[in-house]
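Asks: After the sequence you'll find the predicted model.
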Amino acid sequence: MKESKRIISALIVFVMLIGALIASRNNTLDVRQVESYDDDSLVIWYTDDNLTDYLNTMAVEFHELKGIRVVPRLKEGGDFIESIYMASMEDGTTPDMYIIGSDSLEKAYMSGCAAILSDNGYFNEAEYPSSAVSAVTYHNNPVAYPLYFETTALLYNKTYLTEIASNIVNAETAKTPDSESSEDSSGSDSADSEDEEEKDEEQIYYDSLSTEDKITYRVDKSIPVTFDDLLTFADNFDAPEGVETIFKWDVRDIFYNYFFVGEYIDMGGVNGDNPDEINVYNLDAIKAMLRFQEMNQFFSFESEDVTYEQVKNEFLEGKMVFATVTTDAVRLLREKSENKEFKYEYGFTSIPDLSEDMSTKSLSETTAVVINGYSDDIDNANEFARFLAIENADSLYEMTGKFPAVTGVFGEEDAEYAFVKEYEVSSPMPKMMATSNSWLLMEGTFADVWSGADVSHSLQKLSEQIKHQISGEDIKEDFIPLPKEEEEVEYLDEEALKQEAQSEEN
């Protein structure tokens, strides 16, 4: 097994080398142009221009603190790892660090472009949530510093929820005429005492609140914890003028769908790096996908008609109550509200569970700082990487709007905190190169199921396709039939069962 991995590693490096040489001859990527740096400078490569101001600012601060010069270099995204490898083979062009998504870490490590990092207490839940640590762990070794993350949360229109709560509280007040307090006092104290004992603690607490606090209480209670809560809300919601739907999300994009099955499928184990741990076809996954398909019956819309941008725009226009969004929505809503372009109150919360018995788990993407295994100054590169990812996480968010992966940046009262909580329990994207196409396959499966395709057959096909990509062999999964509905007799109470048995005897 170890010998085969060494052979695979050598093949990967060889293929990358040939591809890079061909590209360099064609002059298709300016990232392969020869650049000269001072011998004492650290060089960091990145592909997202939104990081430019942040990296330049941090480079200046690091130089002032440590006397070490850092040179950020913006590069093209295509063939990024191959470019790093080729530059590392040439004198004077080796980047000491670079920033990539954690799903590319296997490719980076196998090419020698990702150094194994010493822990030194950085990779624990005091600094990072477990999801971040898993994202940068390859074969039980940390190979990058988590920098920032992306995941999903539930956005809701608080104004609509408040209007509903106000109507209920006002109706409750109207139900209790003042005449009730003037009833004959004889025996009333006793009756009140008995009624009070029958109330549960929550009701007693609610009755003690002011009208304003009762409204706040009901708003908090109306925020769905499960999709059952969401469907109940949809059934009882008297939509005001302008509201077109209760809930919408980008059904075409796996990033906004994954939470339906995230708890019940396995793509490479806890660190997403083990091809022997692939399990997308099981009874729980089938039940979860049935729940997803059920959503089309309540929130009927064609998947091809909805994009994420449309979801955000329709929410801004007040056309929906709930939406699944990513972290960019926080700044968008804040800016629109400050500019008086959004007239509603809003809030963010965790993605609801499927039911009381079935959980959800969002997909997360972690972007990380990698130390190039070919660097001549790994110690100082590590120091600057930690300077970026841990010591200046506040600046990262302030300057870029990207959510730092390190803990402690946001408090529970911050709008951003809903995404932090979701990220802590999310599923990191797997790193395996062999499954890189699985997301397209999964998106196709979700699209088919949304349109009414048989759930079990769809997941069976998906599992066979993914396992074929990994092994190169034709895989045939045993078909799992849909669970049969429980017989009605199981819901009868004990007395009814006894009566039924007696009638049969007679």
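Replies: Yes, it's here.

Asks: Show me the beta-bridge partners of residue 346.
Replies: Here residue 346 sits in beta bridges with residue 157, as judged by DSSP bridges.

Asks: Show me the shaky parts of the protein.
Replies: With pLDDT under 70 as the threshold, the chain has low-confidence stretches at 1-39, 91-92, 176-199, 483, 485-506.

Asks: what residue is smack in the middle of it?
Replies: Centroid-nearest residue in the chain: residue 151, 2.9 Å away (criterion: C-alpha atoms, centre = their mean).

Asks: My guess is residue 326 contacts residue 255. True?
Replies: Yes. In this structure, residue 326 is within contact of residue 255 by C-beta atoms under 8 Å, at 7.3 Å. For every residue, glycine as well, the C-beta is placed using N, CA and C.

Asks: Report the set of residues contacting both of the two.
Replies: 150, 152 (C-beta atoms under 8 Å, 6 or more residues apart in numbering).

Asks: separation between the residue nearest to residue 272 when sequence neighbours are not counted and residue 97?
Replies: For residue 272, the nearest residue in space outside its immediate sequence neighbours is residue 430; the separation is 3.2 Å by C-beta to C-beta, 6 or more residues apart in numbering. Taking C-beta to C-beta, to the nearest Å as the measure, residue 430 and residue 97 are separated by 23 Å.

Asks: again, but for residue 74
Replies: Applying C-beta to C-beta, the value for residue 74 to residue 97 is 14 Å.

Asks: So for those two, which sits in the more crowded spot?
Replies: Neighbours were tallied for residue 74 and for residue 97 using other C-beta atoms under 10 Å; the higher tally belongs to residue 97 (28 against 13).

Asks: Please report phi then psi for residue 366.
Replies: Residue 366 adopts backbone torsions of phi -110, psi 130, taken as degrees, to the nearest 10.

Asks: beta partners for it?
Replies: On DSSP bridges, the residues paired with residue 366 through beta bridges are residue 149.

Asks: so who does it touch?
Replies: Each residue near residue 366 by C-beta under 8 Å, 6+ apart is listed here: 101-102, 131-132, 135-136, 146-149, 405, 428-429.

Asks: still on that earlier bit, and the residue nearest to residue 272, what element?
Replies: Residue 430 is located outside every helix and strand, with elements delineated by DSSP states H and E.

Asks: what's the answer for residue 323, then?
Replies: Under the assignment here (DSSP H and E), residue 323 is part of strand 320-326.

Asks: related to what we said a few turns ago, can you tell me which residues contact the residue nearest to residue 272?
Replies: When contacts are counted by C-beta under 8 Å, 6+ apart, residue 430 touches 103, 267-268, 272-273, 438.

Asks: where's the spatially closest residue to residue 165 that is not a sequence neighbour relative to residue 212, distance?
Replies: The spatial neighbour of residue 165 that comes closest, neighbours along the chain excluded (C-beta to C-beta, 6+ apart), is residue 218 at 3.7 Å. With the distance defined as C-beta to C-beta, residue 218 ends up 11 Å from residue 212.

Asks: Neighbour count: these two, which is higher?
Replies: residue 218 (20 against 10).

Asks: Distance of that one relative to residue 171?
Replies: Going from residue 218 to residue 171 by C-beta to C-beta gives 11 Å.

Asks: now do residue 415
Replies: From residue 415 over to residue 171 the distance is 31 Å, taken as C-beta to C-beta.

Asks: And for residue 421?
Replies: Here the distance between residue 421 and residue 171 works out to 34 Å (C-beta to C-beta).

Asks: quick one: which of those two has more around it?
Replies: In terms of neighbours (other C-beta under 10 Å), residue 421 is the more surrounded of residue 421 and residue 171; the figures are 19 against 9.

Asks: quick one, what contacts residue 395?
Replies: The neighbourhood of residue 395, defined by C-beta under 8 Å, 6+ apart, consists of 54, 57-58.

Asks: Same list (those) but as JSON lines, adding secondary structure.
Replies: Written out in JSON lines, the entries for the contacts of residue 395 read as follows (DSSP: H, G, I helix; E, B strand; the rest coil):
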{"residue": "54", "secondary structure": "helix"}
{"residue": "57", "secondary structure": "helix"}
{"residue": "58", "secondary structure": "helix"}
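
Asks: Tell me who's in contact with residue 329.
Replies: Contacts for residue 329 (C-beta under 8 Å, 6+ apart) come out as 155, 312, 348.

Asks: One more pass at 10 Å, please.
Replies: Neighbour list for residue 329: 152-153, 155, 308, 311-312, 315-316, 323, 346, 348, 415, 419 [criterion: C-beta atoms under 10 Å, 6 or more residues apart in numbering].

Asks: taking these one by one, which sit in strands?
Replies: Counting by DSSP state E, the contacts of residue 329 place 152-153, 155, 323, 346, 348 in strands.

Asks: ranking those by neighbours, who comes first?
Replies: The most crowded member of these, judged by other C-beta under 10 Å, is residue 152 (28 neighbours).

Asks: Tell me if I'm right that that one and residue 311 touch.
Replies: No. Under the criterion of C-beta atoms under 10 Å, residue 152 makes no contact with residue 311, lying 11.5 Å away.

Asks: show me where the stretch 401-506 of the chain has helices.
Replies: 417-424, 438-450, 455-471, 494-505 (DSSP state H, counting those that start in this stretch).

Asks: Return the most buried member of these.
Replies: Mean neighbour count, computed with mean count of other C-beta atoms under 10 Å, is highest for helix 417-424 among the helices of the stretch 401-506 of the chain, reaching a mean of 22.

Asks: chain center to that helix: distance?
Replies: The gap between where helix 417-424 is centred and where its chain is centred comes out at 8 Å by C-alpha atoms, centre = their mean, to the nearest Å.

Asks: same for it, what does it pack against?
Replies: Applying 3 or more C-beta pairs under 10 Å, 6 or more residues apart in numbering; DSSP states H and E, one finds that helix 417-424 makes contact with helix 130-135, strand 145-150, strand 152-157, strand 320-326, helix 328-338, strand 346-349, strand 363-371, strand 403-404.
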